[in-house]
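S.K.: any chance you can model this:
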Amino acid sequence: MSANLTHPDPIKVLIADDHVLYRAGVKTALSTKKDVKIIAEADNGMHLLNMLKMIQPDVILLDIQMPVMDGIGALPEIKKNWPHIKVIMLTMMDDHSMITKLMELGANSYLSKTSDSEIIYEAIKTCFEHEYYFNSLTNKALLTNLKQRNNVIPQKFAPQEAQLNDKEMLILKLMCEEKNTKEIADLVDLSPRTVEAIRDKLKVKTGAKSTAGLIMYAVKNNILDDGL
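M.R.: Numbers count the residues shown, from 1 in each chain. This next block holds a predicted model:
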């Protein structure tokens, strides 16, 4: 029994990228990690979607630029049919509007293909355990880009009428500061379970579907500028 607690099942990862060498590099780098296992590889989005009918990974590393069907085309299909799978987008481009679009479509993180294996490993673990892995790329895109196009954010992310109490506002601000559930719980003197319940309530109140949606709501309504 204790062995299972010490060695839980590894996180199942599928990598979709049309560059064989890149796939091989990531596979080799992650092979040393006991808690992550690459279970399959796809070389385009269509190939990936067909594979998902037979096997479901916990996390997909999804290249944006691929032939036949690219990552941008595959992402909404994955999220529609297999919403539990976390998707980490891989790209050579640091494009703020693209990052924002992908996060709105449900991407759980966005990494540069030049990221080293430790970053990729950390992103896989964090997305699997906490739904999102935010880094300087995603934060800058979400916060800077969304402020620039303040009025273009879909209304479903930011209904104006949501009434948040002080505790909810504080927890939302701390989420925007990349604090995880335990850190927030310690700071506001609540249990992690209570913090998760408030986070779920925030999603209901704001109409956000995800943590990224909550951050978009905070930006749209200038909550970050208010007393931070």
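
S.K.: shaky segments in the protein?
M.R.: For the chain, the stretches flagged by pLDDT under 70 are 1-7, 94-97, 136-137, 139-162, 224-228.

S.K.: recalculate using a threshold of 50.
M.R.: 1-6, 151-160, 227-228 (pLDDT under 50).

S.K.: ranges for the helices of it?
M.R.: 2-6, 20-30, 45-52, 71-81, 96-104, 117-130, 136-140, 146-148, 166-176, 181-188, 192-206, 211-220 (DSSP state H).

S.K.: out of these, flag the one nearest Ile88.
M.R.: When the helices of the chain are compared by CB to CB, helix 117-130 sits nearest Ile88, at 5.4 Å. No exception for glycine: its C-beta is placed from N, CA and C like everyone else's.

S.K.: list the buried ones in that closest one?
M.R.: Residues of helix 117-130 classed as buried: 120-128 (neighbour count, 16 or more other CB atoms under 10 Å).

S.K.: give me the neighbour count for Trp82.
M.R.: 15 (other CB atoms under 10 Å).

S.K.: residues contacting the closest residue in space to Ile39 that isn't next to it in sequence?
M.R.: Nearest residue to Ile39, sequence neighbours excluded (CB to CB, 6 or more residues apart in numbering): Lys12, at 4.8 Å. Lys12 sits next to 37, 39, 56-59 when contact means CB atoms under 8 Å, 6 or more residues apart in numbering.
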